[in-house]
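# sequence and predicted model, in that order:
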Amino acid sequence: MPPVIRREHLERLLQSPDRDAVLVISEGRAAVVPEAATRGGEHEGALLITSRDALIAEFDAGANMEQLDQLAQRLDVAYRDMGG
């Protein structure tokens, strides 16, 4: 089964111009959306995975591809362990 959360999602989150961007899983798919979108509309009730700020704090000196791959894999495993 292919991963739901991939490095590309984390890259998109880090590069988002929206300071309040978050990574969510909605209907089995990962998406980068404004945090406000989780309180209404298409992504209401989506599972929040991480925020842009949390990711920046995790990699304050900048992340390389390997680190993003590893984090994406850990997040994906955690999501699947929750029944996703």
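Now that the structure is in, tell me what you want to look at. Numbers count the residues shown, from 1 in each chain.

# next, the residue nearest the centre of the chain: secondary structure please.
For the chain, L23 is the residue whose C-alpha lies nearest the centre (C-alpha atoms, centre = their mean; 3.0 Å). With DSSP: H, G, I helix; E, B strand; the rest coil as the basis, the three-state label of L23 is strand.

# without its sequence neighbours, what residue ends up closest to it?
The shortest distance from L23 to any residue other than its chain neighbours is 4.4 Å, reached at I49 (C-beta to C-beta, 6 or more residues apart in numbering). In this view, the C-beta of every residue, glycine as well, is placed from N, C-alpha and C.

# wait, is that neighbour part of a strand?
Yes. Assigned with three-state DSSP, I49 falls within a strand.

# surely R29 and P2 touch.
No. Using C-beta atoms under 8 Å, R29 is not in contact with P2; the gap is 11.3 Å.

# give me the more crowded residue out of the two.
Set side by side, R29 and P2 show more neighbours around R29, with 10 against 5, by other C-beta atoms under 10 Å.

# ok, back up a step: quick one: contacts for the residue nearest to L23?
Shown in contact with I49 (C-beta atoms under 8 Å, 6 or more residues apart in numbering): 5, 22-25, 30, 75, 79.

# neighbours of A78, just the number please.
A78: 12 surrounding residues under other C-beta under 10 Å.

# ok so, going back, pretty sure the residue nearest to the centre of the chain is touching I5, no?
Yes. Here L23 reaches I5: they are 7.3 Å apart, a contact under C-beta under 8 Å.
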